[in-house]
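# coordinates only, sequence not included:
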């Protein structure tokens, strides 16, 4: 392996004509929507939901509620492996880049990179390595070095010249709050992010993202029904504008309403003390078709793909690189 990993970045528009490439990690939010007989209707309705949510949050100087539109690009990151003589390329992660189109001024405003987070190595860690580790254990646990390699690869990418050439701010990842934890509402309120919730303890996902260098805060945006988890570097409230944050909220809340309607499309709002539950029955469905069972099966398949094509053939060189990595 080269001493300094090299990353390549590819972009593709996520619009109603989007079709996943053969190298796309199929468990991603956007890839799931873009398959099957309902694919174009799925995509069109999803994008409309995102735009509507954005305008409902960015309601100043927006009397008709249609001033803004959100454009999305899928960012695919590949890492070059092997020696200088025999290089191999492996698809490492996929994220989303938001852009905000202001129909009143004609401006195209850069949003936040990150949002959705898709990782083949994370699939391996959670769907292959972790089940094997716990197969003969009476009490569930994680290996001491769980997530170390993934964390170093991610931090190395964010600090790389390739990242800095494409994005001018650190990424923010927005996902569902953990259904195994309890959240307490606070008095802290942000105009875009909404009301902050505090978690009773860190989840396994929080620990995993911590190894990626990211901390977490939980906010329930205005007119939402449950808090979202925001993973970030630096200062979430100070480093990003309201429009940038609203781009992330509108995109990722829409995905969560589709994938976890029991939590994010519930018919009741989270209380002062709140624990999300996928067994909750009082919720509404969107008109968007999604197969959650298929997604869980694909995570295992793609974890095994990573094991066979990345972890096993490059184990020694990956361990050597990680040992010498200063991050």
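Good, I have the coordinates. All of these numbers come straight from a predicted model, not from anything done at the bench.

# what about residue 324, distance to residue 268?
Counting by C-beta to C-beta, to the nearest Å, the gap from residue 324 to residue 268 is 52 Å. C-beta coordinates here come from the backbone N, C-alpha and C atoms, glycine included.

# residue 234 is in contact with residue 170, isn't it?
Yes. The pair residue 234 and residue 170 passes the contact test of C-beta atoms under 8 Å, sitting 6.0 Å apart.

# and those two? Which one has more around it.
Comparing residue 234 with residue 170 by neighbour count (other C-beta atoms under 10 Å), the higher total belongs to residue 170, at 18 against 12.

# now do the contacts for the more buried one.
For residue 170, the contacting residues are 158, 232-234, 239, by C-beta atoms under 8 Å, 6 or more residues apart in numbering.

# residue 49: which of those residues is nearest?
The closest of the contacts of residue 170 to residue 49 turns out to be residue 232 (C-beta to C-beta; 24.0 Å).

# top of the contacts of residue 170 by neighbour count?
Highest neighbour count within the contacts of residue 170, by other C-beta under 10 Å: residue 232, with 22 neighbours.

# next, count neighbours for the spatially closest residue to it that is not a sequence neighbour.
Leaving aside its sequence neighbours, residue 232 sits nearest to residue 172 (C-beta to C-beta, 6 or more residues apart in numbering; 4.8 Å). Neighbour count for residue 172, taken as other C-beta under 10 Å: 26.

# contacting residues for residue 172?
The neighbours of residue 172, taking C-beta under 8 Å, 6+ apart as the test, are 112-115, 230-232, 236, 240, 248.

# got JSON lines for those, with pLDDT too?
Listed next are these as JSON lines, based on pLDDT from 0 to 100:
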{"residue": "112", "pLDDT": "97"}
{"residue": "113", "pLDDT": "97"}
{"residue": "114", "pLDDT": "96"}
{"residue": "115", "pLDDT": "95"}
{"residue": "230", "pLDDT": "98"}
{"residue": "231", "pLDDT": "98"}
{"residue": "232", "pLDDT": "98"}
{"residue": "236", "pLDDT": "97"}
{"residue": "240", "pLDDT": "97"}
{"residue": "248", "pLDDT": "98"}
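
# for the residues you listed, which one is nearest residue 203?
Checking the contacts of residue 172 one by one against residue 203 (C-beta to C-beta), the nearest turns out to be residue 231, at 11.5 Å.

# confirm that closest one sits in a strand?
Yes. Counting by DSSP: H, G, I helix; E, B strand; the rest coil, residue 231 is found in a strand.

# would you agree it is in contact with residue 214?
Yes. Between residue 231 and residue 214 there is a contact under C-beta under 8 Å: 4.2 Å.

# what is in contact with those two at once?
With C-beta under 8 Å, 6+ apart as the test, residue 231 and residue 214 both reach residue 173.

# and residue 245, how many neighbours?
25.

# oh, I was asking about residue 260
21.

# give the contact list for the residue lying closest to it once chain neighbours are set aside.
Nearest residue to residue 260 in three dimensions, chain neighbours excluded: residue 176, at 5.5 Å (C-beta to C-beta, 6+ apart). Residues counted as contacts of residue 176 (C-beta under 8 Å, 6+ apart) are 228-229, 256, 259-260, 263-264, 276.

# ok, 7 Å please
Each residue near residue 176 by C-beta atoms under 7 Å, 6 or more residues apart in numbering is listed here: 229, 256, 260, 263.

# and it, its phi and psi?
Main-chain dihedrals, residue 176, degrees, to the nearest 10: phi -70, psi 150.

# return the distance of it relative to residue 118.
Here residue 176 is placed at a distance of 15 Å from residue 118 (C-beta to C-beta).

# now swap in residue 41 and tell me
Per C-beta to C-beta, residue 41 is found 23 Å from residue 118.

# any idea how far residue 217 is from the residue nearest to residue 232?
10 Å.

# overlap in contacts of these two?
Common neighbours of residue 172 and residue 217 (C-beta under 7 Å, 6+ apart) are 230, 236.

# who is residue 68 paired with across the strands?
residue 102 (DSSP bridges).

# does it touch residue 100 like I think?
Yes. Contact criterion C-beta atoms under 7 Å: residue 68 and residue 100 qualify, at 5.7 Å.

# wait, is residue 124 part of a helix?
Yes. Assigned with three-state DSSP, residue 124 falls within a helix.

# give me the distance from stretch 319-327 to the chain's centre.
Distance, stretch centre to chain centre, for stretch 319-327: 25 Å (C-alpha atoms, centre = their mean, to the nearest Å).
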